[in-house]
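**Student:** would you be able to build a 3D model of this:
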Amino acid sequence: MKHKIVVDALPLLSSFTGIGRYTYEVTKQLQKSDAFAIEFFYGYFSSNLIEASSNPRLKSVKSSIIKNSIVKSIVRKVLFWASGLFSKKYDLYWEPNFIPLKSIKSERVIATVHYFSWELYPEFQPSERVKYFKKNFYKQIEKVDFIITGSEFTKQEILNRIGIQDEKIRVIYHGLNHHVFYDCGLEKPEQKYILAVGSLEPRKNLKNLLLAYEMMDNNFKDTHHLILVGASGWNNSEIMSKIDQMQKWVKYSGYVSDEELAMLYGKASLFIYPSFYEGFGIPPLEAMACGVPVVCSNSSSLPEVGGDAVVYCDPYSVENIKEKIELVLGDKELQKQMIQKGLERAKMFSWDKSAMEHMKVFEEVLKN
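**Tutor:** Take a look at the predicted model:
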């Protein structure tokens, strides 16, 4: 008899960023298991895994809700109420997005904790989100049976903050889709460019990247444009203003599909990821898999993910970001070494492997 598992699929109701991507890719693989009968909670319960981010109407509704804190608070309360009213009794409830919904009925609860930026860097998060996490995170997380996290770095942060035994936390690395992100030997365009991927929000540190790029010689900027890709995020007026000032050299492409993103990676001369803080960091891996040299921050989990395949910069130093970009782009031999190491590093991570590790945890928790 199959174990009945319910997954909070609310992260799928918007453009796929880190947590939405993680939720979708892992559950897509979990559905193939003969051991589990999986249902999803979208505000209603369904056995269908939907990729609602591709639906413009749903995307628009979610966007409107997120921008209005009062509406968002009301919607959240309605979801809590609905989850309890219509919830069946499940064997296991997996919450891939930090805080389990209080009223889903289940024998066992597993939650994935991605990071603590809401607590360590509240200025990097919308105030409504920080308030919600402060009120609910510790209260709810201490009730779970098991925690999954994406890096040893975050596991240590969990141990430092939550009264849970080490053996009840499992590090499972995220993956990447090797069918989409791979080195297909794309010819570099005549107009070279540096690529950065991430939502336009404070945590991604695009302001310092733009300042570093602005300091570069105009001849360099003429030959190496900067392309920014990602959702519009929040608190980005200063970033957008700076992009407008440098529109001769800087382009913001917004959110793009995986296929478009893979093309952008493949043709880039360099990928730069200057984020202040990450619980994992998928874009650097995707770039490495596409055969692009990567410069990223030396902070949080990023060195754990990138290993020796990456050149690291100090995200707080505009000058250091500039120096590391110029170092890599000025050394063809270094680029070759980084590309080769990056391709090998990327092979270590896959969503299939990640999903298998999740299944093992689910089976262990159900058995116990």
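
**Student:** only C-alpha atoms from now on, for both contacts and neighbour counts.
**Tutor:** Noted.

**Student:** which stretches of the stretch 1-150 of the chain form helices?
**Tutor:** Assigned by DSSP state H, counting those that start in this stretch, the helices in the stretch 1-150 of the chain fall at 18-30, 56-67, 69-86, 117-120, 127-141.

**Student:** what is the mean pLDDT for the second one?
**Tutor:** Helix 56-67 shows an average pLDDT of 47 in the prediction.

**Student:** mind listing the strands for the stretch 251-368 of the chain?
**Tutor:** Using DSSP state E, counting those that start in this stretch, the strands of the stretch 251-368 of the chain run over residues 270-273, 294-297, 311-313.

**Student:** and Leu228, which of the three is it?
**Tutor:** Using DSSP: H, G, I helix; E, B strand; the rest coil, the structure places Leu228 in strand.

**Student:** thinking again about what came up before, compare the mean pLDDT across the helices of the stretch 1-150 of the chain and name the weakest.
**Tutor:** That would be helix 56-67, which, of all the helices of the stretch 1-150 of the chain, carries the lowest mean pLDDT at a mean of 47.

**Student:** ramachandran angles for Gly330?
**Tutor:** With angles defined as degrees, to the nearest 10, Gly330 sits at phi -90, psi 0.

**Student:** gap between it and Gly150?
**Tutor:** 34 Å (CA to CA, to the nearest Å).

**Student:** before we move on, back to that, can I get the strands of the stretch 251-368 of the chain in JSON lines with distance to Met338?
**Tutor:** Converted to JSON lines, these look like this (distance: least, CA to CA, whole Å):
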{"stretch": "strand 270-273", "distance to Met338": "11"}
{"stretch": "strand 294-297", "distance to Met338": "8"}
{"stretch": "strand 311-313", "distance to Met338": "8"}
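
**Student:** of all these, which one is nearest Arg161?
**Tutor:** Closest approach to Arg161 among the strands of the stretch 251-368 of the chain is made by strand 294-297 (24.2 Å; CA to CA).

**Student:** pLDDT below threshold where in this protein?
**Tutor:** 15, 52-87 (pLDDT under 70).

**Student:** what's the end-to-end length of stretch 193-209?
**Tutor:** For stretch 193-209, the first and last residues are 14 Å from each other (CA to CA).

**Student:** could you pull out the buried residues of stretch 219-228?
**Tutor:** Within stretch 219-228, the residues scored as buried using 16 or more other CA atoms under 10 Å are 221, 224-228.

**Student:** oops, could you answer that again for stretch 358-368 instead?
**Tutor:** Applying 16+ other CA under 10 Å to stretch 358-368 flags 358-359, 361-362, 365 as buried.

**Student:** can you tell me which of those residues lies nearest to Gln165?
**Tutor:** Nearest to Gln165, judged by CA to CA, of the buried residues of stretch 358-368 is Val365 at 14.2 Å.

**Student:** next up, phi/psi of Met216, please.
**Tutor:** For Met216, the backbone dihedrals (degrees, to the nearest 10) come out as phi -70, psi 160.

**Student:** OK, contacts around the closest residue to it other than its chain neighbours?
**Tutor:** Distance criterion CA to CA, 6 or more residues apart in numbering; nearest residue to Met216, sequence neighbours excluded, is Lys322 at 7.4 Å. For Lys322, the contacting residues are 209, 212-213, 215-216, by CA atoms under 8 Å, 6 or more residues apart in numbering.

**Student:** if we use 10 Å, what do you get?
**Tutor:** By CA atoms under 10 Å, 6 or more residues apart in numbering, the residues touching Lys322 are 208-216, 313.

**Student:** same thing with Glu214?
**Tutor:** By CA under 10 Å, 6+ apart, the contact list for Glu214 reads 208, 221, 242, 245-246, 249-250, 322.

**Student:** ok, it to Ser241 distance?
**Tutor:** Between Glu214 and Ser241 the distance is 13 Å, computed by CA to CA.

**Student:** tabulate the buried residues of stretch 358-368 (JSON lines), appending distance to Val26.
**Tutor:** Putting the buried residues of stretch 358-368 into JSON lines (distance: CA to CA, whole Å) gives the following:
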{"residue": "His358", "distance to Val26": "8"}
{"residue": "Met359", "distance to Val26": "9"}
{"residue": "Val361", "distance to Val26": "13"}
{"residue": "Phe362", "distance to Val26": "12"}
{"residue": "Val365", "distance to Val26": "17"}
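
**Student:** nearest to Tyr93 among those residues?
**Tutor:** When these are compared against Tyr93 (criterion: CA to CA), the nearest one is Phe362, at 9.6 Å.

**Student:** correct me, but the closest one touches Ile110?
**Tutor:** Yes: taking CA atoms under 10 Å as the definition, Phe362 is a contact partner of Ile110 at 8.1 Å.
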